[in-house]
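In: Could you look at this predicted model? Sequence included:
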Amino acid sequence: MATVPKTDLLHYYRALKIMRDVIQESPELLNESEHEIFLIAWTIINDTQIKEYDYEDTDVRHRD
């Protein structure tokens, strides 16, 4: 998997985090396919990329 520059990754993470909050408040805004795509993006950024960096505002749980 290609590595995303640290600053770009933080912007992606923050945007997905805002989108996650919107989805939690108004799930009717997305259809099932759009929700699945969001979950895939969230998983890729959260689990595969962001855990490599130590950002203060991330809620990623580092795994040992």
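Out: Received, thanks. Numbering: from 1, shown residues only.

In: Pull out the buried positions in whichever strand or helix holds Ile37.
Out: Per DSSP states H and E, Ile37 falls inside helix 32-43. Going by neighbour count (16 or more other CB atoms under 10 Å), the buried part of helix 32-43 is Trp42. (Glycine included, C-beta is placed from N, CA and C.)

In: what sits up against it?
Out: For helix 32-43, the surrounding residues in contact (CB atoms under 8 Å, 6 or more residues apart in numbering) are 16, 19-20, 23, 27, 30.

In: Of these, which pair is most distant in space?
Out: Leu16 and Pro27 (15.8 Å; CB to CB).

In: Neighbour count: those two, which is higher?
Out: Leu16 (17 against 9; other CB atoms under 10 Å).

In: okay, and the helix or strand of the chain with the least pLDDT?
Out: The helix or strand of the chain with the lowest confidence, counting by mean pLDDT, DSSP states H and E, is helix 6-25 at a mean of 87.

In: Only alpha carbons, please: show that one as CSV.
Out: Coordinates of each C-alpha in helix 6-25 appear next as CSV, following Å, rounded to 0.1, in the frame of the first residue of the first chain:
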residue,chain,number,x,y,z
LYS,A,6,1.7,12.7,7.1
THR,A,7,0.0,16.1,6.6
ASP,A,8,-2.4,14.8,3.9
LEU,A,9,-3.2,11.8,6.1
LEU,A,10,-4.1,14.0,9.0
HIS,A,11,-6.5,16.0,6.8
TYR,A,12,-8.1,12.8,5.5
TYR,A,13,-8.5,11.5,9.0
ARG,A,14,-10.1,14.7,10.3
ALA,A,15,-12.5,14.8,7.3
LEU,A,16,-13.5,11.2,7.9
LYS,A,17,-13.9,11.9,11.6
ILE,A,18,-16.3,14.7,10.9
MET,A,19,-18.2,12.6,8.4
ARG,A,20,-18.4,9.8,11.0
ASP,A,21,-20.0,12.2,13.4
VAL,A,22,-22.5,13.4,10.8
ILE,A,23,-23.4,9.8,9.9
GLN,A,24,-24.0,9.0,13.5
GLU,A,25,-26.4,11.9,13.9
